[in-house]
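*Asks:* with the sequence up front, the predicted model follows.
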Amino acid sequence: MGAAVAADRNAPGAFVAMNVKNGQILGLGSSPSFDPAVFSKPVIPTSVYKQLTSQTTYAPLTNRASDNDTSASRTSHDTGR
């Protein structure tokens, strides 16, 4: 585990695993994560929703892997076809 990750395990980030031969998306991930069981209740407490969307907790509800409004650099997805 890298020192940066060990320093703050909840720091925001994302990954995309892709087959470089054909461009197939193999997996996506976004951090920090949250327990999806909070959505199994009929009503989500306001305090829980605020925690999931607050910038102070790095907004775990944000899907950074597929969010188009990020400041991360992008690379070309040229698959040679």
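*Replies:* Arrived safely.
*Asks:* run through the helices of this protein in chain order.
*Replies:* 3-7, 46-53 (DSSP state H).
*Asks:* any idea which of those helices scores lowest on pLDDT?
*Replies:* Note on those: lowest mean pLDDT is at helix 3-7, with a mean of 51.
*Asks:* what does stretch 48-55 rub up against?
*Replies:* Phe34, Val38, Thr57, Ala59, Pro60, Leu61, Thr62 (Cβ atoms under 8 Å, 6 or more residues apart in numbering). Yep, even glycine has a C-beta here, placed from its N, CA and C like the rest.
*Asks:* buried sites along that stretch?
*Replies:* Gln51, Leu52 (16 or more other Cβ atoms under 10 Å).
*Asks:* from Thr62, how far out is Phe34?
*Replies:* 10 Å (Cβ to Cβ, to the nearest Å).
*Asks:* no wait, Ser30
*Replies:* 7 Å.
*Asks:* for the closest residue to Ala14 other than its chain neighbours, give me its contacts.
*Replies:* Leaving aside its chain neighbours, Ala14 sits nearest to Arg64 (3.7 Å; criterion: Cβ to Cβ, 6 or more residues apart in numbering). Counting by Cβ under 8 Å, 6+ apart, Arg64 touches Pro12, Gly13, Ala14, Ser30, Ser31, Thr70.
*Asks:* perfect, that will be all.
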